[in-house]
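> return a 3D structure for these sequence lines:
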Amino acid sequence: MAKFIGRDQELLHLEHSYDSEDSHLGVIFGRRRIGKTCLLEKFVSKKRDSLFFEALEDVSNEQQLNHLQMSLLEQTKDLALSRFKLQTWDQFFLYLTDFLQKSPKTKKIIIFDELQWLAQGKAQLISKIKFYWDKQWKQHNVMLVLCRSLASFMVANVIRSKALYGRIDFQLNLHPLNPQESYKLLNSNRSLKEALLYQLIIGGIPKYYEWIDRKKSLEWNINQISFMRDGVLLKDFEKTFYKQFKKSTLYPKIVEVLFQGPKTLQEISKKLKVTSGGGLKSYLENLALARIIREEVSIGKNINSKQKRYQLVDEYLCFYKKFIDPYQSEISLNNSRDLYSKVVEHQWTSWTGLAFKRFCINNGEYFAQKLGIKDRLIKFGPYYSSKERVQIDLIFECDRNVFIICEMKLLNKEVDPSIIPIMEAKKAKLQEKFKDYSLETALIAPFGLSKSLRATKYFNYTLELKDILL
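Numbers count the residues shown, from 1 in each chain. Sure thing, here's the model as predicted:
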């Protein structure tokens with residue numbers, strides 16, 4: 001098993017459910033590569049009475065049942081399973097029922113991983129699981145966990161399922177690892193600057209860090225995994241959408257639109273030439289649940305505001321769309337050149353500046369904690385108004401009517417006092433709109449503040465690279 005980092009709260013949640021005297025039905029979901037299976041393997045690693053089933057992709061019903069029977073034999077050591085063949089789902093579920101009845105006082109765990117492959121996209125299997133849960137399993141001190149990448153099937157037939165309505169005791173939507181946890185995945189073998197740049201490219205997705213050679217530079221690694229014709233990350237865009245959301249081509253079209261910048265529902269509808277009704281909204285909600293896009297509402301506006309915008313926030317997808325997708329033909333022929341440097345060198349500085357802002361906003365709660373304001377935090381987000389022609393990327397709203405305007409600067413030098421007039425202009429715009437609020441300032445600057453800026457004591461809060469990752 002790869003090095004396990006983080007997930008403390010999720011493990012505590014699972015342990016709490018396990019320690020309960022009642023049976024619990026839980027759902028774990030999230031985008032591909034986020035570490036759902038690793039979390040469950042960690043959880044059951046020292047649990048005796050557990051059965052873990054990982055379904056096979058694109059196999060027949062007969063092959064799936066045969067695979068599950070072999071998995072049962074391996075985990076239960078019941079030699080009787082070698083003398084007959086499970087031919088129906090009812091036979092499989094009845095065997096599980098017998099397993100649960102053998103030790104009624106002991107908490108048992110049953111995990112179905114990659115649920116969509118198990119069900120082959122058919123909701124009937126979910127109904128059958130519901131039947132056995134209601135009539136048999138929950139009477140036998142069991143913890144049943146259904147796990148799947150967040151695809152349309154999982155949302156419609158499990159998370160929002162009529163069959164399972166009122167029966168799900170907990171849901172865990174796995175987030176990317178935070179910056180400090182992601183840095184630990186590099187085993188501290190790389191510099192803080194390089195670790196930060198990795199996070200701007202691949203975010204906090206645990207699986208991606210397994211593909212990095214920690215003895216080699218960032219440039220060498222990204223070239224190998226994304227700019228070679230056999231690069232392991234090269235096809236991940238297709239896998240993310242055409243497998244995770246393979247029933248509709250609308251998902252990658254939405255990504256294409258949002259790659260051009262934040263859009264309202266009406267703007268997306270107009271660009272795609274589809275109605276802005278429930279169908280499009282459900283696609284956007286699914287992408288938001290998978291944390292591929294984010295819904296954002298201007299500070300001071302209601303969540304249902306017509307000005308609510310959707311923004312592409314998945315770090316790797318943003319990198320893919322900017323640097324990989326336009327060069328597919330060149331990459332398909334490359335097996336030795338340093339194509340990475342050729343492609344990114346002219347756009348790198350401007351792109352990393354925008355990527356750093358996205359990274360900070362994606363990790364808003366983490367940065368609130370680092371700034372020492374998490375206990376005071378009410379919410380965070382942007383302030384924008386097309387009418388007033390103002391855009392402030394990140395504001396922390398705190399108790400006692402306080403706004404903290406946060407500036408994020410990724411420069412190859414220390415930030416100097418020239419930033420003060422910029423901040424003052426933002427403060428003036430915000431104060432004009434929110435006269436009853438006190439305004440404070442924060443600066444996240446990985447490479448530090450100049451002595452002259454420090455001397456002004458202008459910023460109420462500052463964070464540098466070591467503060468971000470250590």
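> and stretch 206-215, how far from the chain's centre?
Taking CA atoms, centre = their mean, to the nearest Å, one finds the center of stretch 206-215 at 17 Å from the center of the full chain.
> for the stretch 151-300 of the chain, what spans make up the helices?
When assigned using DSSP state H, counting those that start in this stretch, the helices of the stretch 151-300 of the chain occupy the ranges 152-154, 179-185, 192-202, 206-210, 218-226, 236-238, 250-259, 265-272, 278-289.
> CSV please, covering the ones you listed and showing mean pLDDT and mean neighbour count.
C-beta: built from backbone N, CA, C; applies to glycine. Compiled in CSV, these are given as follows (pLDDT from 0 to 100; neighbours: other CB atoms under 10 Å):
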stretch, mean pLDDT, mean neighbour count
helix 152-154, 64, 22
helix 179-185, 95, 21
helix 192-202, 97, 21
helix 206-210, 94, 20
helix 218-226, 96, 19
helix 236-238, 73, 17
helix 250-259, 92, 19
helix 265-272, 95, 16
helix 278-289, 87, 17
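> got any ranges where the stretch 251-400 of the chain has weak pLDDT?
For the stretch 251-400 of the chain, no stretch is flagged by pLDDT under 70.
> tell me where it has strands.
263-264, 293-296, 309-312, 377-385, 390-398 (DSSP state E, counting those that start in this stretch).
> against residue 77, how distant is the residue in the chain sticking out farthest from the centre?
Residue distances from the centre of the chain (CA atoms, centre = their mean) peak at residue 83, which lies 43.7 Å from the mean C-alpha position. With distances taken as CB to CB, to the nearest Å, residue 83 is found 14 Å from residue 77.
> now do residue 383
Spatial separation of residue 383 from residue 77 under the definition CB to CB is 61 Å.
> who has more neighbours, the two?
residue 383 (23 against 8; other CB atoms under 10 Å).
> give me the number of residues near the closest residue to residue 21 other than its chain neighbours?
Counting by CB to CB, 6 or more residues apart in numbering, residue 21 lies nearest to residue 141, which is 7.7 Å off, once chain neighbours are set aside. Neighbour count of residue 141, defined by other CB under 10 Å: 19.
> contacting residues for residue 141?
For residue 141, the contacting residues are 21, 23, 104-108, taking CB atoms under 8 Å, 6 or more residues apart in numbering as the criterion.
> out of those, who's the most crowded?
Neighbours here are counted as other CB under 10 Å. On that basis the top member of the contacts of residue 141 is residue 108, with 24 neighbours.
> tell me who's in contact with it.
When the contact criterion is CB under 8 Å, 6+ apart, the partners of residue 108 are 49-51, 99-100, 140-143.
> top of those by neighbour count?
The most crowded member of these, judged by other CB under 10 Å, is residue 143 (27 neighbours).
> next up, phi/psi of it, please.
Geometry field for residue 143 lists phi and psi as phi -120, psi 110, criterion degrees, to the nearest 10.
> out of the contacts of residue 108, the closest to residue 210 would be?
The closest of the contacts of residue 108 to residue 210 turns out to be residue 50 (CB to CB; 24.7 Å).
> thought the closest one was touching residue 109?
Yes - Residue 50 lies in contact with residue 109 (CB atoms under 8 Å); the separation is 3.8 Å.
> any common contacting residues for those two?
When CB under 8 Å, 6+ apart defines a contact, the residues bordering residue 50 and residue 109 alike are residue 44.
> what distance do you get for residue 445 to residue 413?
Using CB to CB, we find residue 445 at a distance of 10 Å from residue 413.
> neighbour-wise, which of the two wins?
Each of residue 445 and residue 413 has its neighbours counted (other CB under 10 Å); residue 445 has more, 25 against 10.
> contacts only, for that one.
When contacts are counted by CB under 8 Å, 6+ apart, residue 445 touches 408-411, 414-415, 462-464.
> now the buried members of these.
Buried residues within those, counting neighbours by 16 or more other CB atoms under 10 Å: 408-411, 414-415, 462-464.
> what about the stretch 1-150 of the chain, any weak spots by pLDDT?
By pLDDT under 70, the weakly predicted segments of the stretch 1-150 of the chain are 1-2, 121-122, 150.
> how about the helices of it, start to end?
Counting by DSSP H, counting those that start in this stretch, one finds helices in the stretch 1-150 of the chain at the ranges 8-19, 36-44, 61-76, 89-101, 115-119, 124-135.
> which of those helices sits most buried?
helix 115-119 (a mean of 23; mean count of other CB atoms under 10 Å).
> just the CA trace of that helix, in PDB.
What follows is the C-alpha trace of helix 115-119 in PDB, where atoms were taken according to Å, rounded to 0.1, in the frame of the first residue of the first chain:
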ATOM      1  CA  LEU A 115     -20.500   0.300  -7.100                       C
ATOM      2  CA  GLN A 116     -21.300   1.400 -10.700                       C
ATOM      3  CA  TRP A 117     -19.300  -1.400 -12.200                       C
ATOM      4  CA  LEU A 118     -21.100  -3.900  -9.800                       C
ATOM      5  CA  ALA A 119     -24.500  -2.600 -10.900                       C
END
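> who does it touch, helix- and strand-wise?
Here helix 115-119 is seen to pack against helix 124-135, strand 142-149, helix 152-154 when contacts are counted using 3 or more CB pairs under 8 Å, 6 or more residues apart in numbering; DSSP states H and E.
> can you redo those as a markdown table with distance to residue 455?
Putting the helices and strands packed on helix 115-119 into a markdown table (distance: least, CB to CB, whole Å) gives the following:
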| stretch | distance to residue 455 |
| --- | --- |
| helix 124-135 | 64 |
| strand 142-149 | 51 |
| helix 152-154 | 55 |
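> which one of these lies nearest to residue 212?
Within these, the stretch nearest residue 212 is strand 142-149; the backing value is 22.0 Å (CB to CB).
> enumerate every residue touching the closest residue to residue 269 other than its chain neighbours.
The spatial neighbour of residue 269 that comes closest, neighbours along the chain excluded (CB to CB, 6+ apart), is residue 276 at 3.8 Å. Contacts of residue 276 were listed using CB under 8 Å, 6+ apart, and they are 265-266, 268-269.
> closest to residue 187 among these?
Each of the contacts of residue 276 was scored against residue 187 by CB to CB, and residue 268 proved nearest at 41.3 Å.
> test my guess that the closest one contacts residue 287.
No - taking contact to mean CB under 8 Å, the distance of 11.0 Å between residue 268 and residue 287 leaves them out of contact.
> which neighbours do the two share?
Counting by CB under 8 Å, 6+ apart, the residues touching both residue 268 and residue 287 are residue 254.
> tell me where the stretch 301-450 of the chain has helices.
Taking DSSP H, counting those that start in this stretch as the criterion, the stretch 301-450 of the chain contains helices spanning 315-319, 328-332, 339-344, 348-362, 364-371, 419-433.
> export the ones you listed to CSV and append columns for mean neighbour count and distance to residue 300.
What follows is these, written out as CSV (neighbours: other CB atoms under 10 Å; distance: least, CB to CB, whole Å):
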stretch, mean neighbour count, distance to residue 300
helix 315-319, 22, 27
helix 328-332, 13, 43
helix 339-344, 19, 38
helix 348-362, 18, 17
helix 364-371, 19, 17
helix 419-433, 15, 7
